[in-house]
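A.B. asks: Please find the sequence and the predicted model below.
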Amino acid sequence: MQTTTSETSTLPQTVEVRNPGMALDLDWVMRATANRSAIERRAATLGGRRSIKKDYQAAWLARAISCIDLTTLAGDDTPGRVRRLCAKARQPVRADILEALGLTGLTTGAVCVYHDMIGTAVEALEGSGIPVAAVSTGFPAGLSPFHLRVAEIEESVKAGASEIDIVISRRHVLMGNWQALYDEMQAFRAACGPAHVKAILATGELGTLRNVARASLVCMMAGADFIKTSTGKESVNATLPVSLTMIRAIREFHDGTGHRVGYKPAGGISKAKDALLYLALMKDELGNRWLRPDLFRFGASSLLGDIERQLEHHVTGAYSANHRHAIG
Ligand SMILES: O=C[C@H](O)COP(=O)(O)O
């Protein structure tokens, strides 16, 4: 696996060579299983383990911020709201807190919006190096005509999105039609061109963890750069058992092919302590290489506010009111 490295003021950036995908290996897919009770037992122990010690928590929370896809996906999104979100992505934490923590140049990993807001976000983030991610392919249900889903990706790339979050057709998974899922994912990846593609599995709608494991593998075989749990619109979104299942599929894919695929838990992650749990899980299961924004993101609309509060508490010893961290 080739990588190239360059330094910035805060974090050494390693640019991963993209997962090129491979032919669909149905034997491998059908071998994939998931032992729900073992996975749930392991997930239940995570909260009690001290994987990240108190003294290091501020540094870990800063790392979590650098991995957030700061998201707004609401029907009433306006250019003004997106511009405010982008300002927050550029300066996620008050300057005095950052200074006290000895951190400079901290930004979120990306800003994530619907297609119509791409232009506003690109303009607002100009010069920052922060990528714009767009949800696509008939998000969140993914049930619009196939050619329109492909065209939507192409339009979003043309508009300036450098990351595209696609939704898979859940029915292909529920009907065990792995070839159809592979073909769809491959077409979406091709339509993305140079833009990185995150495959949203909508795990809350896939029925079983075995389906989650198999769908993860198929999407990686078809060239997904990231696999992502949820749209944030399902009734069950990111959970630790689902995360363990997907992370282990990523590990298996890396062991089998040498290619690193990123992971994005999304939906309902709003507390700093939960962010720390996810980081600990990534470190334990995949190692430090997966703790950087090119291989790990949180999809979250309200996580940043709580992290900022915790960092403020770390520096000042006091919590500020929630309303002071309204965005993010
Ligand atoms: O991908 C991002 C999700 O839509 C965000 O979900 P959330 O609003 O529950 O944080």
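C.D. replies: Arrived safely.

A.B. asks: Show the pLDDT at the closest residue to residue 267 other than its chain neighbours.
C.D. replies: Of all residues not flanking residue 267 in the chain, residue 237 sits nearest, at 2.5 Å (CB to CB, 6 or more residues apart in numbering). (Each C-beta comes from the backbone N, C-alpha and C, glycine too.) On pLDDT, residue 237 comes in at 95.

A.B. asks: Residue 237 and the ligand, how far apart?
C.D. replies: 6 Å (CB to the nearest ligand atom, to the nearest Å).

A.B. asks: Let me see the contact set for that residue.
C.D. replies: The neighbourhood of residue 237, defined by CB atoms under 8 Å, 6 or more residues apart in numbering, consists of 204, 229, 230, 231, 266, 267, 268.

A.B. asks: element containing it, please.
C.D. replies: Using DSSP states H and E, residue 237 sits in no helix or strand.

A.B. asks: what's in contact with the one helix or strand residue 313 maps to?
C.D. replies: Assigned by DSSP H and E, residue 313 belongs to helix 303-316. By CB under 8 Å, 6+ apart, the residues outside helix 303-316 that reach it are 57-58, 61-62, 64-65, 68, 70, 88, 92-94, 97, 100-101, 108, 269-272, 274-275, 318-320, 322, 325-328.

A.B. asks: Would you verify that residue 111 is located in a strand?
C.D. replies: Yes - counting by DSSP: H, G, I helix; E, B strand; the rest coil, residue 111 is located in a strand.

A.B. asks: number of nearby residues for it?
C.D. replies: By other CB atoms under 10 Å, the residues close to residue 111 number 31.

A.B. asks: hang on, isn't it packed against residue 120?
C.D. replies: No - counting by CB atoms under 8 Å, residue 111 stays clear of residue 120, with 9.9 Å between them.

A.B. asks: Give me the common contacts of the two.
C.D. replies: Here residue 111 and residue 120 have 82, 86 as joint contacts, going by CB under 8 Å, 6+ apart.

A.B. asks: ranges for the helices of the chain?
C.D. replies: 26-31, 36-46, 57-66, 79-90, 95-101, 118-124, 146-158, 170-174, 178-192, 209-221, 240-257, 272-286, 303-316 (DSSP state H).

A.B. asks: partners of the most centrally placed residue in the chain in the sheet?
C.D. replies: Nearest to the mean C-alpha position of the chain, by CA atoms, centre = their mean, lies residue 264 at 2.6 Å. In this entry, residue 264 is beta-bridged to residue 228, by DSSP bridges.

A.B. asks: Which pLDDT value goes with it?
C.D. replies: pLDDT at residue 264 comes out at 98.

A.B. asks: Also residue 16?
C.D. replies: Per the predicted model, pLDDT is 71 at residue 16.

A.B. asks: Test my guess that it contacts residue 295.
C.D. replies: Yes - counting by CB under 8 Å, residue 16 touches residue 295, with 6.5 Å between them.

A.B. asks: so what sits against both of the two?
C.D. replies: Shared contacts of residue 16 and residue 295, counting by CB under 8 Å, 6+ apart, come down to residue 260.

A.B. asks: Flag every residue of the stretch 201-328 of the chain that's near the ligand.
C.D. replies: For the stretch 201-328 of the chain, the contact set with the ligand under CB under 6 Å from any ligand atom comprises 231, 232, 266, 267, 268, 299, 300, 301, 302.

A.B. asks: residues in contact with residue 188?
C.D. replies: Applying CB under 8 Å, 6+ apart, the residues near residue 188 are 137, 149, 150, 153, 164, 166, 197, 199.

A.B. asks: now the residues you listed as TSV including neighbour count and pLDDT?
C.D. replies: Listed next are the contacts of residue 188 as TSV, based on neighbours: other CB atoms under 10 Å; pLDDT from 0 to 100:
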residue	neighbour count	pLDDT
137	30	98
149	22	98
150	19	98
153	25	98
164	27	98
166	29	98
197	26	98
199	29	98
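
A.B. asks: farthest-separated two in those?
C.D. replies: 150 and 199 (14.6 Å; CB to CB).

A.B. asks: From residue 249, how far off is residue 210?
C.D. replies: 11 Å (CB to CB, to the nearest Å).

A.B. asks: Great, nothing more from me.
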